[in-house]
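> got a sequence here, can you model it:
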Amino acid sequence: MTQAIPGPGSPHGIYRYNKQTKRWEILRRDGEPFKVGELGDGIYVIYFDNLYCPACRVQDHHFYRLFVKHGDAPDVHFVVIMCNWFSGNCDSQAAAKSFSEFDVSASPTILVAKVNGAEIKEERLEGVRTDTVLEYYIKNFRSV
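Got it, this is the predicted structure:
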C-alpha cells in the first residue's frame, strides 16, 4: 500500500480508504456531512485537511505513515475531509457541512473515534500530531 492520501490537487470532498480496492475514494462531495459510524463499527481516524494550511502539509506526512501502518487493519476506517479553508472556502457541500458539524476551527484537526454499536468514544486532536501519537489513540481505543 503506497497510494498517497488525498491532498493538494485533489478535489474538495469527503474521502475514505477502501480496503477492498486499496484506493482512496471520494465518498461524497454533495449532500450530508460525514457521520462517525456511517462506515460501520470500528476505529475512525478522520483528518480535517485545509489545503491552504502549511501545518496540514506537515501533518500529511505523519498521517500517511500511520495510514501505511494501519490502512488495511480491518477495524480502522481512514477518512479525509478536505476544503481550502474550513467551511468558508470549500467547493464541496458535504465537506463544508462536516467542518461545521464537527465545529472544526483549528487546522489541522484529527478526530479519533471508536464506534461499537450505539456507543461512541471520541478524542479530538488539534495541531500537528506525529504518527506515534496517533497510533497511541488507535491502540488505546482497541483496548476499550
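> which residues does the most centrally placed residue in the chain contact?
A centroid search over the chain (C-alpha atoms, centre = their mean) returns Ile46, at 2.2 Å, as the residue closest to the centre. Ile46 makes contacts with Phe34, Val36, Val79, Val80, Ile81, Phe102, Ile110, Leu111, Val112, Ala113, as judged by C-beta atoms under 8 Å, 6 or more residues apart in numbering. Every residue, glycine included, has its C-beta placed from N, CA and C.
> and what of Ser107?
So Ser107 contacts Phe48, Asn50, Cys53, Ala55, Cys56, Phe86 (C-beta under 8 Å, 6+ apart).
> now those as CSV including distance to Gly117?
Formatted as CSV, these follow (distance: C-beta to C-beta, whole Å):
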residue, distance to Gly117
Phe48, 25
Asn50, 33
Cys53, 35
Ala55, 35
Cys56, 33
Phe86, 32
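> ok, and the most crowded of these?
Comparing the contacts of Ser107 on neighbour count, Phe48 comes out first with 28 neighbours (neighbours: other C-beta atoms under 10 Å).
> parallel or antiparallel, list what pairs with the helix or strand encompassing that residue.
According to DSSP states H and E, Phe48 maps onto strand 42-50. With DSSP bridges as the test, strand 42-50 is paired with strand 76-83 (parallel), strand 109-116 (antiparallel).
> which parts of the top helix by length along the chain are buried?
Using DSSP state H to define each element, the chain has its longest helix at helix 54-70. Within helix 54-70, the residues scored as buried using 16 or more other C-beta atoms under 10 Å are Cys56, Gln59, Asp60, His62, Phe63, Tyr64, Leu66, Phe67, His70.
> which residues sit against stretch 111-122?
For stretch 111-122, contacts defined as C-beta under 8 Å, 6+ apart pick out 36-37, 40-46, 48, 102, 123-125, 134, 137-138, 141, 144.
> can you check the pLDDT for the closest residue to Lys114 other than its chain neighbours?
Of all residues beyond its chain neighbours, the one nearest Lys114 is Phe141 (4.1 Å), with distances taken as C-beta to C-beta, 6 or more residues apart in numbering. In the prediction, the pLDDT value recorded for Phe141 is 95.
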